[in-house]
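Enquirer: I need the structure of the sequence given here:
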Amino acid sequence: MATPSPPAEREYDQQQANGAGDDNNGDGNDGGVGAEAPPQPEALSLLFEDMSGTSLTFKLKKHTRLGKAMDAFSERVTRDRATLRFLFDGERVLDDSTPESMGLEDNDKIEVHAEQIGEGEASQ
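Expert: I've put the predicted structure just below:
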């Protein structure tokens, strides 16, 4: 004949069977130290700003072509896309560039310039 467990031991065994002591979702993880961090968001906010001070923020995924945002910017400011140049840290942003390929981070700024044609006046 087995001796019955003391009441405190029975209560502990019942809590373990019910998942008590963890975060109550039954995975055994208490949600504290060692819990996995939530995944980083794939989308970044990028600020597009022209020389007149007009600025628009676009949320893009890391693999989205920047040409989409450049088209949207030109449409919103009612300028012909062919007359605008987009730069990040002095480097031209191409239509097929992506935030990932250019090393862009959340809240980076893309400068928008009007295209200038011609070489200007030669100095003598």
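
Enquirer: surely residue 92 meets residue 85?
Expert: Yes: with contact taken as CB atoms under 8 Å, residue 92 and residue 85 are classed as touching, separated by 6.7 Å. Where you see a C-beta, it was placed from the backbone N, CA and C, and this is true even at glycine.

Enquirer: Tell me if I'm right that residue 60 and residue 66 touch.
Expert: Yes: between residue 60 and residue 66 there is a contact at 7.3 Å, judged by CB under 8 Å.

Enquirer: what are the ranges of the strands in this structure?
Expert: Taking DSSP state E as the criterion, the chain carries its strands at 43-50, 55-61, 84-88, 91-92, 109-114.

Enquirer: Any chance of those in a markdown table with mean neighbour count as columns?
Expert: Output for those, formatted as a markdown table (neighbours: other CB atoms under 10 Å):
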| stretch | mean neighbour count |
| --- | --- |
| strand 43-50 | 17 |
| strand 55-61 | 15 |
| strand 84-88 | 17 |
| strand 91-92 | 10 |
| strand 109-114 | 17 |
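
Enquirer: closest one to residue 102 among those strands?
Expert: Taking CB to CB, strand 84-88 is the member of the strands of the chain nearest to residue 102, at 5.9 Å.

Enquirer: The closest one vs strand 43-50, what angle?
Expert: Between strand 84-88 and strand 43-50, the angle comes out at 130 degrees (axes from the mean of the first three to the mean of the last three CA atoms, to 10 degrees).

Enquirer: Partner strands of strand 84-88, with direction?
Expert: According to DSSP bridges, strand 84-88 forms sheet pairs with strand 91-92 (antiparallel), strand 109-114 (antiparallel).

Enquirer: Sweet, I'm off.
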